[in-house]
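Engineer: My questions concern the predicted model and sequence given below.
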Amino acid sequence: MKRAITILLMITSLFLPLCAKGVRAYVSFNRIGLNDTLTLTIEGEDVNGELEILSPLKFNGFTIVGGPNSGTSISIVNGSMSKKETLSFVLAPTKTGTLTIPSLKVKAGKDVFTTEPIKVEVVKGSVVPHRRNRGNAFDPFSNFDDFFNDDFFSPPRPRKISLEDIFIRTEVSSKKVYVGEPVLVKFVLFTTVPITQLALKEVPSFQGFLAYDIDTNQRIRFNTTILGGKRYNTAVIYKKVLYPTKSGDLVIPPVSFVLNAQADFFFGKRVIRKSEPLRIRVLPLPPAPDGFSGLVGSFDIQASVDTTSARVGQSITLKVVVSGKGDLKSFDKILPDKLDGFRVFKPSSAEIKEKDPLHQTKVWNIVLVPVREGELRIPSVKLVYFDPLAEKYITKTTGGITVNVKGKVETGGVVVGQQPSGGTVTLLNRDITYIKTGRLDRVFYLVENKWVIIFVSVFPFVVLAFAFFIRVSDEKKKNNVEYRKTKAYSFFKQRLKEVRRLGKKKKAREFYQSLSKAIISYFSDKLSKPNIELRIDEIENILKEKGIDENLIKQLTDFVEYCDFESYTPHSSGVKLELIDEANEIIQKIERVL
C-alpha cells in the first residue's frame, strides 16, 4: 500500500508542471497617479510557442507609451523545469477614476487563452514611489537601520518638479487676423531641469482652421531666458501654420506633451504638460470684387511660353507661376477653359514647391495647341487676392503673349495636322521609283498541260474579281447610314486592336492619338456625322440633349482630353494599355443608352 502511494505521488509530481499551463495578465501597480505609469505583463507558463495578442490593443483611459517587450525565462525546481514567455507594455493613464484593462485573447502555438480583466485606480498627481538607482539589491545592513538613520547615510531622493519648473506657452504671429490669413503658432517649452525625452501625447483637432505641421524633423535647440527673476532653458518644440476658415473668436486648443525630466543625478521622472488655450480674433473679408481667387496673403504671378513661333498642331507650353505668402494648395483655376485659336490641355495637378507652409510656389504647365494660322494672342493672366497688411484687394496681371503660327507641322516630307476632332490628316510627297530595264531571260514552265496553264493564269484574276466584289459590297454597306449606326461598336472594337498594337510597340504619341480618334470615330458612325467635323465639345452637347448621365459625359470628355493632352505633351507618361479597357467600358455604357 505504501509503495502504491509513493508511485502515485511521483506520477503526480511529474504532471504538476503540465497542469500549470496557462496565460495570465497582471500590472505592476493597482493604484497609480495621473502622472505615473504602470507595466502590464502578459505571462504564459509552459506554453507551446511565443505569445501573440489577438485582441485589439485599445485600453480605455490609457495610452501605450512603451512596448511590447518580450522575454523568456526558464527555471528548474526539484528537478522540474518550467518555462515562461512574457509580453509587457508601459501604460500611461489619461484620466482619473477606476479604470479597467479588459480581458485579452492570447495565442500561444495552437492554443488560445483569455486573461482576466484588471481594475486600476487612478488618482491625481503621483503616488508611485520612485526606485533608487541601486534597484532591489540585497542590503547586508538591513538590520542596522538605527545606525544608518543619520542624514549622511540617507539615500538620495529625487526633488519634486512643480508647474513652475516645467511649463509650455503658446505663441502666435498675430492675435488679430482675417479669414484665410496664415497664423504661425509656436509651442515653447520652459524648463529649469534637464529634459532627456520629449514626445507629443495628444494633438487636438483645430476646429475652424486648416492646420499644417511645420519643421517636424528639425533638431530642438535650447536658449536661455530670464523670466520672473528665474533662469529657464527654452525651446520651440512644436510649430503649426493655421488658416482660419471662418470669422469670429476662435480658440487654439491646448496640446499635450510627455517629457522625461532628469529630477536628480540618478533619477528621471515622467512629466505630462499641456499648453494653455489661446483665443484669437478672426475678421471677415470685405465684399470681394469680380474674379477674386480666394487667396489671402501676398503673391506675385508670372507667365511665359517655351516658344513664340509654332505651326498649326504643334504644342506650346504656357508656364504660369504664382508664389508668395499664403495657402496655395486649394487654389487651382488659373486660366479659362477655352482660348481663341488654341486648344487648352491643363495638367491633372499643378506642382507645389514649399519653402514651408507659409511660403509656397505653385507652377502650372499648360499645353496649348494652335488650330489656325496667324498671330494668335495668349491673353494676360489675372490674379486677384486680399492683402491683410494693406487691408484691401490687390490685382496683379501678366503681360499678354503673341504667338506667330504658320502652316501645319512638317516632319521629314510628311505634313501632319491634328484636327480638332482628334483625327490625323497625312499628305505624302510624291516619290519617284526607278524601274530596272533590260531583256528578260528564258521563261521556264513547270508543266506542259495547256489546261493547267490556263487555269493557273486565270485563277488569280477570278480571285481578284471576287475580292473586288466583296470590297465594293462592304463599302456600300459602310456608306449606308443605318449600317454604320448598327455596327458602330463593332468598328470601334476593331480600331482598339490597332490601338493595342501601337501600345505594345511603345509608340506613345500614336497610341494616344489613335485611342482618341477611335472614340471620335465611334460617335461619327453612331451620330451619322462626318469625322473631320466632329469635336468632343459638340459630342458633349449632343449627349446632354439626349439625356445621357452627366457623370458619364464628364468621364468621356475627361478621357478624350487626357488622351489629347498626352499626345501633345513632349514628356509623355508612357503607354498605359489599361486605358484601352477603360475606353471600351465607357463606350459600352454609352452604347446601352444611345
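Structural biologist: That came through fine.

Engineer: hey, where'd the helices end up in the stretch 1-150 of the chain?
Structural biologist: Assigned by DSSP state H, counting those that start in this stretch, the helices in the stretch 1-150 of the chain fall at 2-19.

Engineer: Going by neighbour count, list what's buried in stretch 321-336.
Structural biologist: 321, 322, 323, 324, 325, 326, 327, 328, 331, 334, 335 (16 or more other CB atoms under 10 Å). (Each C-beta comes from the backbone N, C-alpha and C, glycine too.)

Engineer: now stretch 236-252
Structural biologist: When neighbours are counted by 16+ other CB under 10 Å, the buried residues of stretch 236-252 are found to be 236, 237, 238, 239, 240, 241, 242, 243, 244, 250, 252.

Engineer: Closest one to residue 543 out of the residues you listed, please.
Structural biologist: Within the buried residues of stretch 236-252, the smallest distance to residue 543 is 39.7 Å, found for residue 243 (CB to CB).

Engineer: in stretch 391-398, what's buried?
Structural biologist: Going through stretch 391-398 with 16+ other CB under 10 Å, the ones that come out buried are 393, 398.

Engineer: next one: stretch 273-293
Structural biologist: Residues of stretch 273-293 classed as buried by neighbour count (16+ other CB under 10 Å): 273, 275, 278, 280, 282, 285, 293.

Engineer: go on, stretch 353-367?
Structural biologist: Within stretch 353-367, the residues that qualify as buried are 357, 358, 359, 360, 361, 362, 364, 365, 366, 367, counting by 16+ other CB under 10 Å.

Engineer: just those now: which is nearest residue 228?
Structural biologist: So of the buried residues of stretch 353-367, ranked by how close each gets to residue 228 (CB to CB), first place is residue 358, at 31.9 Å.

Engineer: My guess is the closest one contacts residue 323. True?
Structural biologist: No: proximity of residue 358 to residue 323 does not meet the contact threshold set by CB atoms under 8 Å, at 12.0 Å.

Engineer: Out of the buried residues of stretch 273-293, which two sit at the greatest distance?
Structural biologist: Distances among these were taken as CB to CB; the most separated pair is 273 and 293, at 41.3 Å.

Engineer: give me the number of residues near residue 109?
Structural biologist: Using other CB atoms under 10 Å, the number of residues around residue 109 comes to 12.

Engineer: And it, how far from residue 84?
Structural biologist: Separation of residue 109 from residue 84 (CB to CB, to the nearest Å): 15 Å.

Engineer: In a markdown table, list the buried residues of stretch 321-336 along with distance to residue 508, secondary structure and pLDDT.
Structural biologist: Shown next, in a markdown table, are those (distance: CB to CB, whole Å; DSSP: H, G, I helix; E, B strand; the rest coil; pLDDT from 0 to 100):
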| residue | distance to residue 508 | secondary structure | pLDDT |
| --- | --- | --- | --- |
| 321 | 28 | strand | 92 |
| 322 | 30 | strand | 92 |
| 323 | 32 | strand | 90 |
| 324 | 36 | strand | 90 |
| 325 | 40 | strand | 88 |
| 326 | 38 | coil | 87 |
| 327 | 36 | coil | 84 |
| 328 | 31 | coil | 83 |
| 331 | 31 | coil | 82 |
| 334 | 27 | coil | 79 |
| 335 | 25 | coil | 76 |
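
Engineer: May I see those residues organised as CSV, with distance to residue 187 added?
Structural biologist: Supplementary listing: the buried residues of stretch 321-336 in CSV, determined by distance: CB to CB, whole Å:
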residue, distance to residue 187
321, 34
322, 31
323, 28
324, 26
325, 22
326, 23
327, 21
328, 25
331, 29
334, 36
335, 41
